[in-house]
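Undergrad: coords please:
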Amino acid sequence: DYTLESNIQYQLTGQFLISEGSSLTIPAGTNIVATSGGTEVYIAVLKGGQIFINGNSSNPVVMASENQEAGDWGGLTICGDAVTSAGVDATAEVGGFTYGGSNSEDSSGNISYLKIVGTGAQINSESQYNGISFYAVGEGTVVSNVAVLNGADDGVEFFGGSVSVSNLYVENSDDDSI
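TA: Below is the predicted model:
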C-alpha cells in the first residue's frame, strides 16, 4: 500500500502499477507531474487493486504532464472485476492488463476532485491511452468531480462495468469526450 503526502510534488517518470491487494491513497492538494514520456508514463490500478483520490473543492488532486499538452502521457487506467461484454479476464487494449468478471459490486476505490491534464499517448494507429479508462469497474467504486483536460484521445472511456460517475468535465479531447 502507498500513501502520498500533499506537501510533496511527485514526478511520475514511468509506469506506476497498483497490483491486486494493494492500494494507492492520494490526499487533497497532491500534485503529480508526469514527464512527457508518452506510453511509458501512466498510472494503472490492476484488477483487485484500489486507488483512493481524496481531493476536495478547494484542494483537488492534480495529475498533469509538464507541458500539459495532449498526448504527453498515458493517464489513469483502472481495471475492475465487474461484468463486461468482453468476458471474464479480458485483456485491455492498453498495457495488456486483465479486467472483467462477475462482481458488479466490485470496488476499485474512490476518486473525488481529480484534475488530469495532457493525456492520450499514442500506442499505435489503433490504440491510445485515454484521460481515464474504466475497464469493468464496479459500482462499489465512487467517482465524482473529475476534470480531464487536453487529451489526445478520449477524455474518459468505459469498457463495461457498473461504476457511476457524477460531475464529470472533459475539455479539449482530440477524440470522444466520454
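Undergrad: ok, the residue nearest to the spatial centre of the chain to residue 119 distance?
TA: Compute the mean C-alpha point of the chain, and by C-alpha atoms, centre = their mean the closest residue is residue 76, 2.3 Å away. For residue 76, the distance to residue 119 (C-beta to C-beta, to the nearest Å) stands at 8 Å. In this view, the C-beta of every residue, glycine as well, is placed from N, C-alpha and C.
Undergrad: Spell out which residues are contacts of both of these two.
TA: Shared contacts of residue 76 and residue 119, defined by C-beta atoms under 8 Å, 6 or more residues apart in numbering, comprise residue 131.
Undergrad: if we can go back for a sec, OK, contacts around the residue nearest to the centre of the chain?
TA: Residue 76 makes contact with 42-45, 51, 63, 116, 119, 131-133 under the criterion C-beta under 8 Å, 6+ apart.
Undergrad: and it, bridged to which residues?
TA: Judged by DSSP bridges, the bridge partners of residue 76 are residue 43, residue 132.
Undergrad: And the pLDDT at it?
TA: Residue 76 carries a pLDDT value of 96.
Undergrad: Kindly report the same for residue 177.
TA: 56.
Undergrad: thinking again about what came up before, could you dump the contacts of residue 76 to CSV with distance to residue 105 and pLDDT?
TA: Formatted as CSV, the contacts of residue 76 follow (distance: C-beta to C-beta, whole Å; pLDDT from 0 to 100):
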residue, distance to residue 105, pLDDT
42, 27, 94
43, 24, 96
44, 22, 97
45, 17, 98
51, 17, 98
63, 27, 97
116, 26, 96
119, 28, 87
131, 25, 85
132, 21, 93
133, 20, 93
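Undergrad: Let me know the closest of those residues to residue 20.
TA: Nearest to residue 20 among the contacts of residue 76 is residue 45, at 9.8 Å by C-beta to C-beta.
Undergrad: where's that closest one relative to residue 70, distance?
TA: The gap separating residue 45 from residue 70 is 23 Å, by C-beta to C-beta.
Undergrad: With adjacent residues omitted, what lies nearest to residue 104?
TA: By the measure of C-beta to C-beta, 6 or more residues apart in numbering, the closest residue to residue 104 outside its immediate chain neighbours is residue 162, 4.5 Å from it.
Undergrad: Does residue 20 belong to a helix, a strand or coil?
TA: Under the three-state scheme (DSSP: H, G, I helix; E, B strand; the rest coil), residue 20 adopts coil.
Undergrad: That one reaches residue 45, doesn't it?
TA: No. Residue 20 lies out of contact with residue 45 (C-beta atoms under 8 Å); the separation is 9.8 Å.
Undergrad: Neighbour count: these two, which is higher?
TA: The residue with more neighbours, out of residue 20 and residue 45, is residue 45; 28 against 13, by other C-beta atoms under 10 Å.
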